[in-house]
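> just coords:
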């Protein structure tokens, strides 16, 4: 396999004001305690993601610290963690790590980005 992981994304999903508050606490702690880059709040489904969420990006050397913390502190939220290999379809479809409930992603959306005119 020639794929090289250059980083990871963690997508923290929420559904309502109560679960958004849980997500906000996760976001705040992660931002203050780990080397992460936070994405925007997405209060509506976007791209392949079926629920509202925010994304955090981190380098491979952060994985061993942040993922165990997320495992123990997700407070019932679903979290998708996927590698960044440069190919979004397998990163989301073939290589994901799910914490909590596995959600159904719209892989067709990602496949449509790979088509050339």
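Perfect, I can see it now. Note that the coordinates shown come from a computational prediction; the quantities given were computed from them, not determined experimentally.
> any low-confidence regions in this protein?
Low-confidence segments of the chain, defined by pLDDT under 70: 1-2, 115-117.
> how close does residue 14 get to residue 30?
When distance is defined by C-beta to C-beta, to the nearest Å, residue 14 is 14 Å away from residue 30. Where you see a C-beta, it was placed from the backbone N, CA and C, and this is true even at glycine.
> can you give me the strands for the chain?
For the chain, the strands defined by DSSP state E occupy 7-14, 37-42, 52-58, 79-84, 97-99.
> make JSON lines out of the ones you listed and add mean neighbour count and distance to residue 22.
Listed next are those as JSON lines, based on neighbours: other C-beta atoms under 10 Å; distance: least, C-beta to C-beta, whole Å:
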{"stretch": "strand 7-14", "mean neighbour count": "22", "distance to residue 22": "7"}
{"stretch": "strand 37-42", "mean neighbour count": "14", "distance to residue 22": "13"}
{"stretch": "strand 52-58", "mean neighbour count": "21", "distance to residue 22": "12"}
{"stretch": "strand 79-84", "mean neighbour count": "21", "distance to residue 22": "11"}
{"stretch": "strand 97-99", "mean neighbour count": "15", "distance to residue 22": "13"}
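> contact partners for the residue lying closest to residue 78 once chain neighbours are set aside?
Excluding its sequence neighbours, the residue lying closest to residue 78 (C-beta to C-beta, 6 or more residues apart in numbering) is residue 100, at 4.0 Å. Contacts for residue 100 (C-beta atoms under 8 Å, 6 or more residues apart in numbering) come out as 74, 76, 77, 78, 79.
> what sits closest to residue 60 if chain neighbours are left out?
Using C-beta to C-beta, 6+ apart and skipping the chain neighbours, the partner closest in space to residue 60 is residue 5 (5.7 Å).
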